[in-house]
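Participant: make a model of this:
(chains A, B, C and D)
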Protein chains: 4
Amino acid sequence: MGKPTLTVGLIGYQFMGKAHSNAYRQVGRYFDLPVDVRMKTICGRTETGVRKAAETFGWEGFETDWRRVVDDPEIDIIDVSTPGDSHCDIVCAAAEAGKSVWCEKPIGNTIAEAAKMRDAVAKSGKPSVVFHNYRFAPAVSLAKKWIDEGRLGRIFHFRAAYLQDWIADPQFPRVWRLEKARTGSGALGDIGSHIIDLGRHLVGEIQSVVGQLETFVTERPLPEGGGSGPVDVDDAAAFIARFASGALGTFEATRFAVGRKNANRFEINGEKGSLVFDLERMNELEYYSELDPPGTRGFRTVLATDSSHPFAGRYWPVGHIIGYEHTFINLVAEALVARDRGERFRPDIEDGYLNQRVLDAVERSAASKAWVNL
Amino acid sequence: MGKPTLTVGLIGYQFMGKAHSNAYRQVGRYFDLPVDVRMKTICGRTETGVRKAAETFGWEGFETDWRRVVDDPEIDIIDVSTPGDSHCDIVCAAAEAGKSVWCEKPIGNTIAEAAKMRDAVAKSGKPSVVFHNYRFAPAVSLAKKWIDEGRLGRIFHFRAAYLQDWIADPQFPRVWRLEKARTGSGALGDIGSHIIDLGRHLVGEIQSVVGQLETFVTERPLPEGGGSGPVDVDDAAAFIARFASGALGTFEATRFAVGRKNANRFEINGEKGSLVFDLERMNELEYYSELDPPGTRGFRTVLATDSSHPFAGRYWPVGHIIGYEHTFINLVAEALVARDRGERFRPDIEDGYLNQRVLDAVERSAASKAWVNL
Amino acid sequence: MGKPTLTVGLIGYQFMGKAHSNAYRQVGRYFDLPVDVRMKTICGRTETGVRKAAETFGWEGFETDWRRVVDDPEIDIIDVSTPGDSHCDIVCAAAEAGKSVWCEKPIGNTIAEAAKMRDAVAKSGKPSVVFHNYRFAPAVSLAKKWIDEGRLGRIFHFRAAYLQDWIADPQFPRVWRLEKARTGSGALGDIGSHIIDLGRHLVGEIQSVVGQLETFVTERPLPEGGGSGPVDVDDAAAFIARFASGALGTFEATRFAVGRKNANRFEINGEKGSLVFDLERMNELEYYSELDPPGTRGFRTVLATDSSHPFAGRYWPVGHIIGYEHTFINLVAEALVARDRGERFRPDIEDGYLNQRVLDAVERSAASKAWVNL
Amino acid sequence: MGKPTLTVGLIGYQFMGKAHSNAYRQVGRYFDLPVDVRMKTICGRTETGVRKAAETFGWEGFETDWRRVVDDPEIDIIDVSTPGDSHCDIVCAAAEAGKSVWCEKPIGNTIAEAAKMRDAVAKSGKPSVVFHNYRFAPAVSLAKKWIDEGRLGRIFHFRAAYLQDWIADPQFPRVWRLEKARTGSGALGDIGSHIIDLGRHLVGEIQSVVGQLETFVTERPLPEGGGSGPVDVDDAAAFIARFASGALGTFEATRFAVGRKNANRFEINGEKGSLVFDLERMNELEYYSELDPPGTRGFRTVLATDSSHPFAGRYWPVGHIIGYEHTFINLVAEALVARDRGERFRPDIEDGYLNQRVLDAVERSAASKAWVNL
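Facilitator: All right, here's what the predicted structure looks like:
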């Protein structure tokens, strides 16, 4: 329709590859975008796997070497959805090649890598994206809007926990997500980075932290069989933070909260009201308001599916809920619009770097047994 | 890949048209199907609208006269997603043309129409589908599985309510869904038919009913302006039912439950346990079991997103919820598999007819002020 | 302190006897009353039992023949907490003796008894009380207050269910509550009468009903051993009602809702908002208000423990909940204050009679299979 | 009836005085105790107030000087329910006088005071009691029982928050609970001590902590008028703890969680299951069990009102909830039974001291910005 086309190359074809592919494929069905997205190439190391992924997820073709994707002159956006240990090389190469970098979180395995990526992207001058998709759940976007409007007033508390349980069984194997060399950290980086992003997004920058990392099961069966191997990342992380605004934050990320599957939760207490979110009920935002008449106050469950709510009007009528995958569709839509308008999209690689600084500070605090300033 | 192709023509391009289109487009991305779906034609009366819908929803082409779609020899499946007053003509014509009929609910505006459609489809010998999509919410499929396994034992109670509030404001206009000539009935057929279907699906056939229909606001502004017009359908319907099994059912459907947006709820009480479902939290199934040790019993919230749960493994890892649209994807997947295997898919037009018999009995009971046997 | 004293004689010393005794004993500790309550006599047929009850519950003395209590000139109030088959004789005798009658619900086993009691009490000219204690849960009193203030506007729906499960096991014995001769009816009178009272209290008089009674288990082991006996009361009752106001009511009472222990629930939908109550969380009232700004609406959980809430200030600070027994304390306090002011206390025997008319109409409707007007 | 009598003198007649009085008055009505409780003397500094309290709460007499109560040879138990600054003097004097000491929490304003009290009580050889009443909510007792039975297996996480909001308004006056000299600390000691007690009770001793104290509003209007005064206690406290068992604990206590009235909450994650409690719904315990069949697992809400649940059988039938005040009745009953059997009652003054050690360590950690070992 005369719209410009943006061409995407996606590196990685597992869980995140599937979610990102769905977003690129669906975004134009629900959003009236200024550009068309072309899904050109998906890339993975195993040819049979990536070939099947290309077909199933709707990509024109596939590659097994990410350098060929980065070198493809037709491609505008390199989407990096691989394990953390390959992010830095791919991101830096893509940035040098003048591509727009869209990267999974946390951007690096170390603060040094993150800084390198941030610098490479800054030098490229191209807009970037980090996939902190939970900002784009309608209920979270609504929380952000209300906070920006002053509905909560001064914020006293941010209380976040991201609770999972998939490795609570000591017989669960030592997969790559439990190897520091592959993944940088455990629960802290994988899911803790999400609640740090939500804290930064909703309450502002973090000034100092004190925290603790725990590894409850230090040795596990190897996934390939043949004995066991060490776990050298954290099973759980907890930290206290002071925000620049003076708010007090508590953060906890764990893979040992038996019964909690994907409980990414926060509660924010401000002088005029409070907000509560839980990803397992991601269409709902709980809201307590001091503006309600005395005697009638209580936490109310706002089903954020009204056409007045962020993103909700794009999909279904009120009361018809959306799911996990839509957070990616919303993120992609917002990023494409911002790009078209020449506006900075948040969260970008700079946000990814600032997030990594918090992760790094928590790790240093856990080692030094004392507060760390950022 | 050598798979056979099934070609679909969709009549209707509003809310249901959008939902069905999404299902046809997405189903092959998540399910490993025995057939490929070809989205050939979408049909609607307004050319500008349907042209845009074809492009947005991903159809190859469009038509403005449904007869041309029915007559298209390439098309295998006619999907009827128009308002109720046109179902009978389209369904009968499609059946006569040897097409497989996939129809929105309730299938007709009257029992006479429903019988005619059932007969036409039966005569065609082709498998049919009725879009009672809520059977295919994973939590509802799980409920069905558990009931079939005997987890609840003898069922005493089915307690269902489908609560909405979109016309509670008396200034809301007299849209087509409030005209008997267009839509047959009001809350009863529109949403009551869904809970009747769930009752039939989960507890079995209904033997007798007694009910009441209410129209709280009998005159409303015309949507096109220029005064007001009468509302001649029910705003709310309530009825008591006896199931063939001896279970006692209570059903309520209303558009006047202020604050309830899409609260399609049921509770089933059996001798060994109970189940509770609410569409607004459609990923959850509440379960109480007498098999739990005494003293530890309680209603538990099962998040039906585990790979062991119906359909859930097709999408995302445990704890990552799906939404309203996925019920249609699941339905389409099941219907395609059943068709391929030569098995009867439920709910089909016969189910649609049996559902309509209940609607009809409730209307007759409301008129006669007495119980009606089916 | 110079306050007048009201002297009470209590007939019955089981569950209700315990609850009423607690209320008389505690009411002066929390409410600043115009009278002192003297707990003079408790009465029961078994001397060892009633002697122990007198001591445990704090009565001055006991009797084994209720006529002696009724004849005691010192006694002002006769509290009738026995099974239903003895209410009529005791109430009528007490009324004739010029006592104030305070009676458990439902007041009679038949409408004829209820009428006789109502006439006897009317003739006595003394204020009376019926123990529909749930009106006096703070959250219910709050609902009443808000409805009276017009917070809900015109009421469309009253949706009530009282769900229990204590006889769902077919091996549960045939206790007196399952004998029509002792108790009049089953779930209908025992717990259905409570939701009828709440409906009348909150929405107004009922004009017509249609209903169904079910007995799922028709024979049970005798409690004293030696074989089984018939169950001749309803295990479950469901009925639809039209209120004089035009509101549509649905009522269900059952002892077969496995997992529900004491789920006395209602939802009221009005044009400006809705209210939800559940006795198992009796300190909470859910409230949805159209008066909230669009986009911020949702059901809020009001914890009715604020000093602004009815009764709550008498007990503990906000957030410190009260329990079942406090509904009786509140009722007694209100009744004593009304008596002192010469105001009519509601619910009184007249209310008990009007309640029984609804019970009777439901029974007649179940027999005739048609609507019954009151 | 030939039972021995224990005579109580209560120092303090405000909120805690009211709650303790109710417990002494009611305990014999619900529990079949080995002793009778005699409520002899209540003591407070203001004669009109304490005289009224004696009458309202049911004490034989009153005093305005606590020393006279301690010196009363008839009195067995001295109950100390005054503000924290007077605990040490009264407790030590009572212990020296050979009384059994029953004391509100936290026992002292400083660790030095707590140690002195502990020593005095130890020297007396008399059994003591600290009013950590929440251990005796039936749902909490049930949690303890299940943990002791091994239902959770190894415990990984204890996640507790006690959230209130009564001083979030900066215009709320500078009451005595905001003066360090009167109260020792703010949210930390007042409500943080309760969750510390629950952590110690349910998970075991705490080995090390790191924490933060915040005072959001540092100056407030004086309650007596005439300007404002400084707030020198914490408005909020957060700390991370390592338990001796290796479990990771997070604790937060705040009076600035707008909308939270009395949200004393914990979640415990063990290898075989998890438990969740919230005081605002204190009759409920949420339980997730790995022992449930796969696919049927979920958090279940156990209504701890069954006769099999701790304490519940003493009061009302299943589903009839109890309230805040009953936690004190249960505590008193347990303490009296333990005393009669010559068994140590927990929590006693030794527990109060160990609790205070944690409070003290948190304060030292907040000052030193580093972990503190206990």
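Participant: going forward, measure contacts and count neighbours with C-alpha atoms only.
Facilitator: Fine.
Participant: all helices in the stretch 101-250 of chain A, in order from the N-terminus.
Facilitator: Secondary structure of the stretch 101-250 of chain A (DSSP state H, counting those that start in this stretch): helices located at A:111-124, A:138-148, A:180-183, A:187, A:193-203.
Participant: would TSV of these with distance to residue C:52 and mean neighbour count be doable?
Facilitator: Conversion of the helices of the stretch 101-250 of chain A to TSV gives the following (distance: least, C-alpha to C-alpha, whole Å; neighbours: other C-alpha atoms under 10 Å in any protein chain shown):
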stretch	distance to residue C:52	mean neighbour count
helix A:111-124	75	20
helix A:138-148	59	21
helix A:180-183	70	17
helix A:187	61	27
helix A:193-203	60	23
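Participant: out of the ones you listed, which gets the lowest mean score?
Facilitator: For the helices of the stretch 101-250 of chain A, the stretch scoring lowest in mean pLDDT is helix A:180-183; its value is a mean of 94.
Participant: from residue A:196, how far out is residue A:204?
Facilitator: For residue A:204, the distance to residue A:196 under the criterion C-alpha to C-alpha, to the nearest Å works out to 10 Å.
Participant: element containing residue A:338?
Facilitator: For residue A:338, the element it lies in under DSSP states H and E is helix A:324-341.
Participant: can you pull the buried residues of that helix?
Facilitator: Applying a neighbour-count criterion of 16 or more other C-alpha atoms under 10 Å in any protein chain shown, one finds A:324-337, A:339 buried in helix A:324-341.
Participant: of all those residues, which comes closest to chain B?
Facilitator: residue A:324 (5.4 Å; C-alpha to the nearest C-alpha).
Participant: near the residue nearest to residue A:295 when sequence neighbours are not counted, how many other residues are there?
Facilitator: In space, and not counting its chain neighbours, residue A:295 is closest to residue C:308: 6.1 Å by C-alpha to C-alpha, 6 or more residues apart in numbering or on different chains. Around residue C:308 sit 14 other residues, with neighbours defined as other C-alpha atoms under 10 Å in any protein chain shown.
Participant: what does chain A put close to chain D?
Facilitator: Within chain A, the positions adjacent to chain D are A:156-157, A:168-169, A:210-212, A:214, A:216, A:238-240, A:248, A:250, A:256-259, A:269-274, A:288-289, A:297-299, A:369-371 by C-alpha under 8 Å from any C-alpha of the partner chain.
Participant: need the buried ones from those residues selected in PyMOL.
Facilitator: With 16+ other C-alpha under 10 Å as the burial test, the buried ones among these are selected in PyMOL as follows:
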select buried, chain A and resi 156+157+168+210+211+212+214+216+238+239+240+248+250+256+257+258+259+269+270+271+272+273+274+288+289+297+298+299+369+370+371
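Participant: packing partners for the host helix or strand of residue A:55?
Facilitator: Secondary-structure element containing residue A:55, defined by DSSP H and E: helix A:47-57. Secondary structure elements in contact with helix A:47-57, counted by 3 or more C-alpha pairs under 8 Å, 6 or more residues apart in numbering or on different chains; DSSP states H and E, are helix A:15-30, strand A:36-43, strand A:61-63, helix B:15-30.
Participant: tell me which of these is the most buried.
Facilitator: Per residue and on average, the most neighbours among those fall to strand A:36-43, with a mean of 22 (mean count of other C-alpha atoms under 10 Å in any protein chain shown).
Participant: what about stretch A:158-167, average pLDDT?
Facilitator: 98.
Participant: is any residue of it near chain B?
Facilitator: No. Contact between stretch A:158-167 and chain B, assessed by C-alpha under 8 Å from any C-alpha, is absent, since the two come no nearer than 8.8 Å.
Participant: contacts for that stretch?
Facilitator: Taking contacts as C-alpha atoms under 8 Å, 6 or more residues apart in numbering or on different chains, the residues outside stretch A:158-167 that touch it are A:191-192, A:195, A:199, A:203, A:247-269.
Participant: between the two ends of that stretch, how far is it?
Facilitator: Taking C-alpha to C-alpha as the measure, stretch A:158-167 stretches 27 Å from start to finish.
Participant: closest point of the stretch 51-200 of chain A to chain B, which residue?
Facilitator: Closest approach of the stretch 51-200 of chain A to chain B (C-alpha to the nearest C-alpha) occurs at residue A:56, with a separation of 5.3 Å.
Participant: quick one, what contacts that residue?
Facilitator: Listed by C-alpha under 8 Å, 6+ apart, the contact partners of residue A:56 are B:28-30.
Participant: let's see 6 Å
Facilitator: Contact criterion C-alpha atoms under 6 Å, 6 or more residues apart in numbering or on different chains gives residue B:29 as the residues in contact with residue A:56.
Participant: equivalent analysis for residue A:299, please.
Facilitator: When contacts are counted by C-alpha under 6 Å, 6+ apart, residue A:299 touches A:286-288, C:300-301.
Participant: what is the nearest of the residues you listed to chain D?
Facilitator: residue A:288 (5.9 Å).
Participant: now that closest one. Nearest residue, chain neighbours left out?
Facilitator: The spatial neighbour of residue A:288 that comes closest, neighbours along the chain excluded (C-alpha to C-alpha, 6+ apart), is residue A:299 at 4.4 Å.
Participant: rewinding a little: distance from the chain centre to the helix holding residue A:55, please.
Facilitator: On the basis of C-alpha atoms, centre = their mean, to the nearest Å, the separation between the geometric centre of helix A:47-57 and that of its chain is 24 Å.
Participant: do stretch A:218-238 as well
Facilitator: 24 Å.
Participant: try stretch A:199-208
Facilitator: Using C-alpha atoms, centre = their mean, the distance from the centre of stretch A:199-208 to the centre of the chain it belongs to is 15 Å.
Participant: now the terminal residues of it, how far apart.
Facilitator: The separation between the terminal residues of stretch A:199-208, taken as C-alpha to C-alpha, is 13 Å.
Participant: same thing with stretch A:212-222?
Facilitator: Using C-alpha to C-alpha, the gap from the first to the last residue of stretch A:212-222 comes to 26 Å.
Participant: run through who's touching that stretch.
Facilitator: Defining contact as C-alpha under 6 Å, 6+ apart, one finds that stretch A:212-222 is touched by A:173-174, A:227-231, A:234-238, A:366.
Participant: which of those are buried?
Facilitator: Of all the contacts of stretch A:212-222 considered here, the ones buried according to neighbour count by 16+ other C-alpha under 10 Å are A:173-174, A:229, A:231, A:234-238, A:366.
Participant: ramachandran angles for the residue in the stretch 51-200 of chain A that chain D sits nearest to?
Facilitator: Closest approach between the stretch 51-200 of chain A and chain D, counting by C-alpha to the nearest C-alpha: residue A:168, at 6.4 Å. Recorded main-chain torsions at residue A:168 are phi -60, psi -30, according to degrees, to the nearest 10.
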